[in-house]
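Participant: with the sequence up front, the predicted model follows.
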Amino acid sequence: MNRLRNSALPVAAVALLTVVCPCPAQDPAAPGNRPAIEPPMDDTDLTFSVAAGYQFLYRTDLDAGGSYTVDRVGLEFKAKTKLGQDWRVEGNLRYLFNDYDFNAAPSLGGDPWSDIHTLQMDVRFEWWVTNDLVVIFGPFLMWSRESGASWDDAVTGGAFAGVMYISSSTLAWGAGIGISSQLEDSVLVYPLMFLDWKFNTNMKLTSVAGPVGLAFTGIEWVWEFADHFEYGVGARYEFRRFRLDDSGFAPGGVGEDTSIPFWTRLSYRFNDNYAVDLYAGFVTGGRFKVDDASGNRLGSDDSKLAPTLAIAFRLKF
């Protein structure tokens, strides 16, 4: 397998905070939705990476009246090693904090939620069946809840699996499926996409759509236009669902936030191990929902187009 692993193109580095960093209790696509094409690892190699970021979503009107804004902060820790000749394993731990500020949103009960905390743990296994075929699978757990809600009532989990085919040293592609429990809702089944296509010397398409990836499948076009500099344009679908506290419009209920972010990204790599990313973009298709503790819909509203900015830092050691 050394022939393949020496020639395959590296995966785009994953930072923590995206243009709209998704923070759901159901966001299972993240662990499995990254290609596995990376430089070879010695049997004794153990690598670590950390990432941190901040994102601001500007105050935006809701269709039925009122407005909202969001501040997001995230931290990620990742470890990866090789298990024998044909196996790799990666463990991820992420914490994400979302500070929502609603202003007089009547269709959502005025002020449906505020601070949302999300903790995710996942393990991703890679089995290199042949030089051209990789099987990817693993489990995950996630807790997502408003300040004051119980962590025990905010847990979801599931697993993902997929197959990736290495067509050449410049193209890796594949697909998979994930399954997850949901807070006060039926089991969620969703598709996964793997893509890393370098179609010329300094441009590629990748399903590593934005940093971190607690989100459903997306796509990003990446251009390495100068030494140390990279520019990207991308979009993806995001979904977040979380437990609410015992007060307010829906005591012990569930909040939901879905959207489609579009972004441009400018990244500077100081060296192979440290980089900073700047993002600017907008969020469209935003929708908020509030369910009671039994999953019955109490209210919903759509968001206008929302501009956003973000910054993220990545360190590997």
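Facilitator: Cool, got the structure.

Participant: in this protein, which segments are predicted with low confidence?
Facilitator: Within the chain, the stretches with pLDDT under 70 are 1-44, 209-217.

Participant: what about the helices in it?
Facilitator: 2-7, 29-32 (DSSP state H).

Participant: number of residues surrounding Leu315?
Facilitator: As a burial measure, Leu315 scores 14 neighbours (other C-beta atoms under 10 Å). Glycine gets a C-beta too; all of them are placed from N, C-alpha and C.

Participant: now Asp45
Facilitator: Neighbour number of Asp45 under other C-beta under 10 Å is 12.

Participant: wait, what's in contact with Pro112?
Facilitator: Contacts of Pro112 were listed using C-beta atoms under 8 Å, 6 or more residues apart in numbering, and they are 102, 105, 244, 248-250, 255, 288, 290, 299.

Participant: that should have said Asp61, apologies.
Facilitator: Counted by C-beta under 8 Å, 6+ apart, Asp61 has contacts 67, 303-304.

Participant: show me where the stretch 51-200 of the chain has strands.
Facilitator: 67-83, 87-103, 115-128, 133-146, 155-168, 171-182, 185-200 (DSSP state E, counting those that start in this stretch).

Participant: now these as a markdown table including distance to Leu278 and mean neighbour count?
Facilitator: Supplementary listing: those in a markdown table, determined by distance: least, C-beta to C-beta, whole Å; neighbours: other C-beta atoms under 10 Å:
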| stretch | distance to Leu278 | mean neighbour count |
| --- | --- | --- |
| strand 67-83 | 15 | 18 |
| strand 87-103 | 19 | 18 |
| strand 115-128 | 24 | 20 |
| strand 133-146 | 27 | 21 |
| strand 155-168 | 30 | 18 |
| strand 171-182 | 27 | 18 |
| strand 185-200 | 23 | 16 |
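
Participant: nearest to Trp263, of these?
Facilitator: strand 67-83 (13.7 Å; C-beta to C-beta).

Participant: each with direction, which strands does that closest one pair with?
Facilitator: strand 46-61 (antiparallel), strand 87-103 (antiparallel) (DSSP bridges).

Participant: ok, so of the contacts of Pro112, who is nearest Gly232?
Facilitator: Phe288 (27.9 Å).
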